[in-house]
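In: take a look and give me a structure for this.
(2 chains)
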Amino acid sequence: MIKWISSHRRPGDTDARRAVLMSIMIVVQVLCVVFYLGDVALDLKEGEGPSHVSLEAFVAFVLLAGIVFFMIELRRLLARVEQTKLGLQAAQGEMSVVINTFFDRWGLTAAERDVGLLVLKGLDNESIARIRGRAVGTVRAQTASIYAKAAVDGRAQLISVFMEELLAAEGEAEELQTTKL
Amino acid sequence: MSETQFSHRGRTGAHEVQVWDPLVRLVHWVVALCVLINAAISNPEGAFHEYVGYVVLALVLLRLLWGLTGPAFARFTAFPLSSRSALNHLRDMGRGDRSVHLSHNPLGALMVYNLWATLLALCVTGIMMGTVRFFGVEWVEGLHELAFNWLMLSVLLHVAGVFIDQWRTGVALAKAMITGRKNIPEDWSIK
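Out: The predicted model follows:
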């Protein structure tokens, strides 16, 4: 598993660290807004002129807009971290990790995970039923449930989900090699 | 022979899942620190108590905004407020159901919404006490006290709930709020 800080730095790590930094920035900026608005409230009590107050309102708006912008950026960054991690794992042969991630995402039960893996290994329902010592009908229901949860229409599409990760990872793997060189 | 090998390999073992993003973790621990400060350390009459209260208010609002815009596990849709699913969860626990919730479990979700509502009530009544209109008004102060007592009870239940669930499922929840990753023990399904 990937450690937070490890000797093998992967491209995704820089982004992950950036996400932490960005979160800290957001929280600090929120604290700044609190302080600033408190100051504005005091000014209002003291009856500052309208030009001063409208300037303060503008500054408050810019600060808040900055926070929202940061939050949207952080969301994008986190999505990219997740995507990069998956792609690299696929490219580096940690396919079981990728499979686990997708199975988690889809919310498969323990039995469905087992069946799902066997489907990915290319077994048909009859063989899976024999291996697991279950009725074919049970396995058929389980595979149907897996396809529904993964929002695919069958075996081929399920496999293509993982193929896509591999294809997408190719570019990133090359990038990794060049950074290592 | 090869068939038993297959069924053995078919298991997906223990693994880790990234669930809590850095913003969720940071807000959690800063709010926890602020609650500790205002409950035990700061002088309730002082200005510092008020500043800490404003910080909590801002952070709760930030977290609520993040619940609408943030990544999947931080969103409200990942842990909807539902008393029925909380009851179902209790029943499943009684049956020894082996499934792990990646975001908050339904009981945990109930606690999360309760904590947010209580913190907001504390902040609002606290601010009201500082205004000319409500200064010294008894029911506002009473509400602030009541919300505080309720918060303390909730915090106790929250911590107890975390440790009970940790013991029940083997998922290190407290650690997950620090590292962001939940460990999923072998053979537990995901919900």
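In: grab the nearest non-local neighbour of A:A135.
Out: Spatial nearest neighbour of A:A135, excluding adjacent residues (C-beta to C-beta, 6 or more residues apart in numbering or on different chains): A:A129 at 6.3 Å. Heads up, the C-betas are built off the backbone N, CA and C, glycines and all.
In: and the lowest mean pLDDT element among the helices and strands of chain B?
Out: Lowest on mean pLDDT, DSSP states H and E among the helices and strands of chain B sits helix B:2-9, with a mean of 33.
In: returning to that earlier point: what about the residue nearest to A:A135, neighbour count?
Out: By the measure other C-beta atoms under 10 Å in any protein chain shown, the count of residues near A:A129 is 20.
In: which SSE is it in?
Out: With elements taken from DSSP states H and E, the one containing A:A129 is helix A:125-132.
In: off-centre distance for that helix?
Out: 34 Å (C-alpha atoms, centre = their mean, to the nearest Å).
In: what sits against the spatially most central residue of chain B?
Out: Residue closest to the mean C-alpha point of chain B, counted by C-alpha atoms, centre = their mean, is B:V112 at 4.1 Å. The contact partners of B:V112, taken as C-beta atoms under 8 Å, 6 or more residues apart in numbering or on different chains, are B:79, B:104.
In: chain B: helices as residue ranges?
Out: Assignment of helices within chain B using DSSP state H yields the ranges B:2-9, B:22-36, B:47-69, B:83-95, B:106-129, B:138-169, B:173-179.
In: hmm, A:S23 is touching B:V30, no?
Out: No: using C-beta atoms under 8 Å, A:S23 is not in contact with B:V30, being 10.7 Å away.
In: between these two, which one's more packed in?
Out: Neighbour tally, A:S23 and B:V30, criterion other C-beta under 10 Å: the higher count belongs to A:S23, 23 against 16.
In: what helix or strand does that one sit in?
Out: Assigned by DSSP H and E, A:S23 belongs to helix A:11-45.
In: specify the angle between that helix and helix B:22-36 in degrees.
Out: Using axes from the mean of the first three to the mean of the last three C-alpha atoms, to 10 degrees, the inter-axis angle of helix A:11-45 relative to helix B:22-36 is 50 degrees.
In: what's the closest non-adjacent residue to B:N43?
Out: Nearest residue to B:N43, sequence neighbours excluded (C-beta to C-beta, 6+ apart): B:H49, at 6.1 Å.
In: with A:A150 instead?
Out: Here the residue nearest A:A150, using C-beta to C-beta, 6+ apart, is A:W106, at 5.1 Å.
In: now do that neighbour against B:V140, distance only.
Out: The gap separating A:W106 from B:V140 is 49 Å, by C-beta to C-beta, to the nearest Å.
In: just checking, the residue nearest to A:A150 touches A:K149?
Out: Yes: with contacts defined as C-beta under 8 Å, A:W106 counts as touching A:K149 at a distance of 4.2 Å.
In: more neighbours, those two?
Out: Looking at A:W106 and A:K149 with other C-beta under 10 Å, you find the greater number of neighbours at A:W106, namely 20 against 16.
In: residue contacts, the more buried one?
Out: Counting by C-beta under 8 Å, 6+ apart, A:W106 touches A:146, A:149-150.
In: now the element after the top helix by length along chain A, going C-ward?
Out: In chain A, assigned by DSSP H, the helix with the most residues is helix A:50-91. Tracing the chain past helix A:50-91, the next element assigned as helix or strand by DSSP H and E is helix A:95-106.
In: beyond that next one, next helix or strand please.
Out: Past helix A:95-106, heading to the C-terminal end, the next element that is a helix or strand (DSSP H and E) is helix A:110-120.
In: does any bit of that following helix sit next to chain B?
Out: Yes: legend: contact between helix A:110-120 and chain B by C-beta under 8 Å from any C-beta of the partner chain is shown at A:110-115, A:117-118.
In: which among the residues you listed end up buried?
Out: Burial by neighbour count, judged by 16 or more other C-beta atoms under 10 Å in any protein chain shown, picks out A:110-115, A:117-118 from the residues of helix A:110-120 next to chain B.
In: quick one: least confident of those residues?
Out: When those are compared on pLDDT, A:A110 comes out lowest, with 82.
In: hmm, B:D97 and that one touching each other?
Out: No: under the criterion of C-beta under 8 Å, A:A110 is not in contact with B:D97, lying 11.0 Å apart.
In: still on that earlier bit, okay, the angle between the helix holding A:S23 and helix A:50-91?
Out: What separates the directions of helix A:11-45 and helix A:50-91 is an angle of 170 degrees, with the same axes, to 10 degrees.
In: please point out which parts of helix A:11-45 sit buried.
Out: Buried residues in helix A:11-45, counted by 16+ other C-beta under 10 Å: A:11-13, A:15-16, A:18-20, A:22-23, A:26-27, A:29-31, A:33-34, A:37, A:40.
In: any idea how many residues pack against A:R132?
Out: Counted with other C-beta under 10 Å, the burial measure for A:R132 works out to 19 neighbours.
In: oops, could you answer that again for A:I72 instead?
Out: For A:I72, the tally of surrounding residues (other C-beta under 10 Å) stands at 11.
In: any idea how far it is from chain B?
Out: A:I72 sits 7 Å away from chain B, going by C-beta to the nearest C-beta, to the nearest Å.
In: how about that residue, what does it touch?
Out: Counting by C-beta under 8 Å, 6+ apart, A:I72 makes contact with B:T69.
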